[in-house]
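J.: have a look at this prediction, sequence included:
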Amino acid sequence: MLGVTKEKGEFISMGRVSVKENKTLYQVRREELGLSREKAAELLETIPPERIEKIENQKSMPHPDEVLVMAEAYKMPKICNYYCANDCPIGQQYVPEIKQKDLSQIVLEMLASLNAMEKKQERLIEITVDGKIEGDEIKDFIHIQEELERISITVESLQLWVEQMLADGTIDVEEYNTYKNRKV
């Protein structure tokens, strides 16, 4: 299927748009931007069209440096988390895929998790005071650990949201960095 877009009364060819199912996020984002592999290669500078094709068709795994270049050039920080959670053998075991959410949903999830942890603080102290976790403590400890993991994922969701807002220009990068780098 040939992709076209109308600009100032003219139709401009964007190259072929794949109709295959199960596209990688790399391909989906490139196509959302209306880029052919050749145009994407120009934007990415260090990744030739042939390499983009191999990555998108999963004939070759992307290298971490290529993922960083795509995430920045495509203005989609989520690509890094996608790579870690889906393509990197270590990340597949240790990094959860973070779903992009609205700020209000992130904040509500964070508050709910923090409230739940507040109620479990005393039990966590009881469990860990002797440096051993045994017997009936194991079940409670696992529940507390799962709640802490939810908090961690929510923090990562917030970080991803911030990175996307910076990439989109919704948050001023210079102003953000000025405040972030201040010593308190």
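T.: Perfect, thanks for sending it. Residues are numbered from 1 along each chain as shown.
J.: residues touching the spatially most central residue of the chain, list them.
T.: With distances taken as CA atoms, centre = their mean, Lys78 lies nearest the centre of the chain, 2.8 Å away. Contacts for Lys78 were tallied using CB atoms under 8 Å, 6 or more residues apart in numbering; they are Leu25, Ala71, Ile98, Gln100, Leu160, Gln164. Glycine gets a C-beta too; all of them are placed from N, C-alpha and C.
J.: in the protein, which spans are strands?
T.: Assigned by DSSP state E, the chain shows strands spanning 2-7, 10-16.
J.: where's the helix ranked longest in the chain relative to the chain centroid, distance-wise?
T.: Assignment by DSSP state H gives helix 137-168 as the longest helix of the chain. Relative to its chain's centre, helix 137-168 lies at 13 Å (CA atoms, centre = their mean, to the nearest Å).
J.: which helices and strands does that helix pack with?
T.: Packing partners of helix 137-168 (3 or more CB pairs under 8 Å, 6 or more residues apart in numbering; DSSP states H and E): helix 78-86, helix 103-128, helix 173-180.
J.: how near is the residue nearest to the centre of the chain to Pro96?
T.: 13 Å (CB to CB, to the nearest Å).
J.: follow-up on the earlier one: quick one: average pLDDT of the longest helix of the chain?
T.: The average pLDDT within helix 137-168 is 96.
J.: next, the buried residues of that helix.
T.: By neighbour count on 16 or more other CB atoms under 10 Å, the buried set for helix 137-168 is 137, 141, 144, 147, 151, 153-154, 156-158, 160-167.
J.: okay, the angle between it and helix 103-128?
T.: 150 degrees (axes from the mean of the first three to the mean of the last three CA atoms, to 10 degrees).
J.: excluding its backbone neighbours, what's nearest Asp168?
T.: Lys75 (6.7 Å; CB to CB, 6 or more residues apart in numbering).
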